[in-house]
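> Quick check, what structure comes out for this input:
(chains A and B)
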Number of protein chains: 2
Amino acid sequence: MNRAYNFSAGPSMMPLSALNQAAQEMNNFNGSGMSVMEMSHRSKVYIDIFDETVALLRDLMAIPDDYEVLLLQGGATGQFAAIPMNLSVNGTADYIDSGNFAAGAAKEAAKYINVNVVASSKADNYRYIPEVDPAKLNPNADYLYITTNNTIYGTRFDKLPETNVPLVADMSSNILSEVYDVNKFGVIYAGAQKNIGPAGVVVVIVKKSLLGNAMKITPKVLNWQLMAEASSMVNTPTTYSIYMAGLCMKWLKEQGGVAAIEKVNIEKANMLYNFLDESRLFRPVADKQFRSRMNVTFNTGDADKDAAFVKAAANAGLLNLKGHRLTGGMRASIYNAMPVEGVKALVDFMKQFEAEDARNV
Amino acid sequence: MNRAYNFSAGPSMMPLSALNQAAQEMNNFNGSGMSVMEMSHRSKVYIDIFDETVALLRDLMAIPDDYEVLLLQGGATGQFAAIPMNLSVNGTADYIDSGNFAAGAAKEAAKYINVNVVASSKADNYRYIPEVDPAKLNPNADYLYITTNNTIYGTRFDKLPETNVPLVADMSSNILSEVYDVNKFGVIYAGAQKNIGPAGVVVVIVKKSLLGNAMKITPKVLNWQLMAEASSMVNTPTTYSIYMAGLCMKWLKEQGGVAAIEKVNIEKANMLYNFLDESRLFRPVADKQFRSRMNVTFNTGDADKDAAFVKAAANAGLLNLKGHRLTGGMRASIYNAMPVEGVKALVDFMKQFEAEDARNV
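Below you'll find the predicted structure:
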């Protein structure tokens, strides 16, 4: 079989049991005579799959009944536009700029509303989550926008900001990896391709009371109210990716759910950060307080050595450790489906690389 | 194995060889140690898959170099908005209303520009393609919009309208089923889930000279110019559906390409229409001149009998023959992947049903 440890930031590793089940059911799902890919999205056999996927997400995240769960297309980037289009009443919102995707979301929103960036760590290469001066928050903002985990820079909000307006969170890279109280949010949304399932689905969890305000220029496929009324099927959804997301969530439930996987994720992250804190060759990038448990950024301080490490690791079956082009260095993305053994193998390999490097100096 | 004949209007049947290859490669694509679902969209291994898919489409449709090929999200319904947002310079376009999706496209476009419906067959339940009075065409229209095949009503443009403005065609339900000269179009677009591959991808083939005019309010994910510059990867595309589309197109190429499958499609459609024209129980719905080769609509004139037929057919492994809720009756969608044997099995079953019905009268 020979599966690699894939540290890609997304799309990324998926549970082997989910892949195996998908392969087995590929030509004939549960005696239906069809692949899930071939099913009409309006057929009972498919709607059962869809509903089970939504129910699993509701269960895993304890999503209250006063929230809609939508499975849409266009990725998180599509939602960068959908958020102001659907939520804006006063025409203004506050954004916390904690990374490249937060900045991109703010820029896209500025096409439609007035955007106030109330805090930014850009000047320090997004090494930390910027602190918000409460005086800067607009009490009439339609929402306050955050990115709970910053995939590129490897940082994470260690606590949620205090606010009286709806909190909108891009959770693309840490949804389902730790317990969040959904009640604290107006909207949680996430591209699927990290902790949920394959690319092509974006999950939007939105408080029902916030619906019904879409701008007239909102394309139907980005209109949350219309999608809620049509159970996410204003048009054909990404049927197979949704099925796969269901298989992945079934696996997560078997692992004990989000609280259980959070413990494993902390163990995995600690294993890697503890090594980085002690290493003489590798050094962590993000400020300690804000370290991501999903995306661990590090480097050697020498771009050539970084490149040599990434290449040697790939040859050893440890794939996609190259950092984002905006940061250079390395990044190990260790989402839910990355086993503890994968992180252990990475640390062992780093130790070995460090020892060899010491001999060569 | 026991595969059914699936007459769904979409998502719909896919070639068994494509499904088999996908199942076989599910856990480890070509020795990569990863599923295609797990691959970074920026990795060489995935970009090769993506590029091969685009190259296959260019080859199969003989798409000239002065056209961009985009693989986007949000379905054809997303493009209902994207078309006026990307193409409008004069703020006005002409639409031919030949069915429910054409009407939906016109309605969505009217959010952004002035829409003139220059011909409609709505009053006659869209039984035919309406003729256009050339005097009604606006020479300053940004484009003329058509739906080459009307999935719900089972009609097809038997010839393209004459126009001096760019022709924009929704080919969702007959792309790759017959030879079209791409040069005659400004834009061809199609949701994948009928003749291309699984749901979650919409193909946009656009003449390069038409790019660069997007409205400021265009969401990034619907902006063709930005997507063209980023090879469809402004954000993560629906990676696995694109891979599957490639496998399906490989199969189509092995069948001899579009010209070859067109002959098979004509044979399949004739087999069904010839029976319908002779049948004493079943009757075809669409006007003869405009009959679709992909979606064959028919009924018995008796709703209860229609329902009994759909149910009996399903029990015999002939699935999803129920007509759209807007039309009632039956619809057999016989896209590229429906084998001749499937249509033969349907005709045989209809003959048998008709004979039994005659005995019961």
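> okay, CA-based contacts and neighbour counts for the rest of this
OK.
> Strands of chain A, residue ranges please.
Under the criterion DSSP state E, chain A carries strands at the ranges A:5-6, A:67-72, A:92-97, A:114-120, A:144-147, A:149-150, A:155-156, A:167-170, A:187-191, A:202-207, A:283-284, A:295-299, A:318-319, A:330-333.
> Walk me through which strands the fourth one pairs with, and which way each runs.
Take DSSP bridges as the rule and strand A:114-120 pairs in its sheet with strand A:92-97 (parallel).
> shouldn't residue A:169 be in contact with residue A:189?
Yes: in this structure, residue A:169 is within contact of residue A:189 by CA atoms under 8 Å, at 6.4 Å.
> Now tabulate the strands of chain A in JSON lines and tack on mean pLDDT.
Converted to JSON lines, the strands of chain A look like this (pLDDT from 0 to 100):
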{"stretch": "strand A:5-6", "mean pLDDT": "97"}
{"stretch": "strand A:67-72", "mean pLDDT": "98"}
{"stretch": "strand A:92-97", "mean pLDDT": "98"}
{"stretch": "strand A:114-120", "mean pLDDT": "98"}
{"stretch": "strand A:144-147", "mean pLDDT": "98"}
{"stretch": "strand A:149-150", "mean pLDDT": "98"}
{"stretch": "strand A:155-156", "mean pLDDT": "98"}
{"stretch": "strand A:167-170", "mean pLDDT": "98"}
{"stretch": "strand A:187-191", "mean pLDDT": "98"}
{"stretch": "strand A:202-207", "mean pLDDT": "98"}
{"stretch": "strand A:283-284", "mean pLDDT": "98"}
{"stretch": "strand A:295-299", "mean pLDDT": "98"}
{"stretch": "strand A:318-319", "mean pLDDT": "97"}
{"stretch": "strand A:330-333", "mean pLDDT": "98"}
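> Out of those strands, which is the most enclosed?
For the strands of chain A, the largest average neighbour count (mean count of other CA atoms under 10 Å in any protein chain shown) is found in strand A:149-150, namely a mean of 29.
> For residue B:333, which of the strands of chain A is the nearest?
Counting by CA to CA, residue B:333 lies closest to strand A:67-72 out of the strands of chain A; the figure is 26.0 Å.
> by contact count, what packs against the closest one?
Contact partners of strand A:67-72 among helices and strands, from 3 or more CA pairs under 8 Å, 6 or more residues apart in numbering or on different chains; DSSP states H and E: strand A:202-207, helix A:224-229.
> how about 10 Å then?
Using 3 or more CA pairs under 10 Å, 6 or more residues apart in numbering or on different chains; DSSP states H and E, the elements in contact with strand A:67-72 are helix A:44-61, strand A:187-191, strand A:202-207, helix A:224-229, helix A:239-254.
> how about CSV for those, with distance to chain B added?
Written out in CSV, the entries for those read as follows (distance: least, CA to the nearest CA, whole Å):
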stretch, distance to chain B
helix A:44-61, 11
strand A:187-191, 9
strand A:202-207, 11
helix A:224-229, 12
helix A:239-254, 6
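> and of those, who's closest to residue A:281?
The minimum distance between residue A:281 and those falls on strand A:187-191, with 34.3 Å, by CA to CA.
> Can I get that closest one in PDB? Just the C-alpha atoms.
As requested, C-alpha coordinates have been extracted for strand A:187-191 and formatted as PDB (Å, rounded to 0.1, in the frame of the first residue of the first chain):
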ATOM      1  CA  VAL A 187     -21.400  32.800  11.500                       C
ATOM      2  CA  ILE A 188     -18.800  30.000  11.300                       C
ATOM      3  CA  TYR A 189     -17.600  29.100   7.900                       C
ATOM      4  CA  ALA A 190     -14.900  26.800   6.600                       C
ATOM      5  CA  GLY A 191     -13.600  25.400   3.300                       C
END
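> Adding distance to residue B:272, write the strands of chain A out as JSON lines.
Compiled in JSON lines, the strands of chain A are given as follows (distance: least, CA to CA, whole Å):
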{"stretch": "strand A:5-6", "distance to residue B:272": "50"}
{"stretch": "strand A:67-72", "distance to residue B:272": "37"}
{"stretch": "strand A:92-97", "distance to residue B:272": "58"}
{"stretch": "strand A:114-120", "distance to residue B:272": "58"}
{"stretch": "strand A:144-147", "distance to residue B:272": "55"}
{"stretch": "strand A:149-150", "distance to residue B:272": "56"}
{"stretch": "strand A:155-156", "distance to residue B:272": "60"}
{"stretch": "strand A:167-170", "distance to residue B:272": "51"}
{"stretch": "strand A:187-191", "distance to residue B:272": "44"}
{"stretch": "strand A:202-207", "distance to residue B:272": "41"}
{"stretch": "strand A:283-284", "distance to residue B:272": "67"}
{"stretch": "strand A:295-299", "distance to residue B:272": "57"}
{"stretch": "strand A:318-319", "distance to residue B:272": "53"}
{"stretch": "strand A:330-333", "distance to residue B:272": "54"}
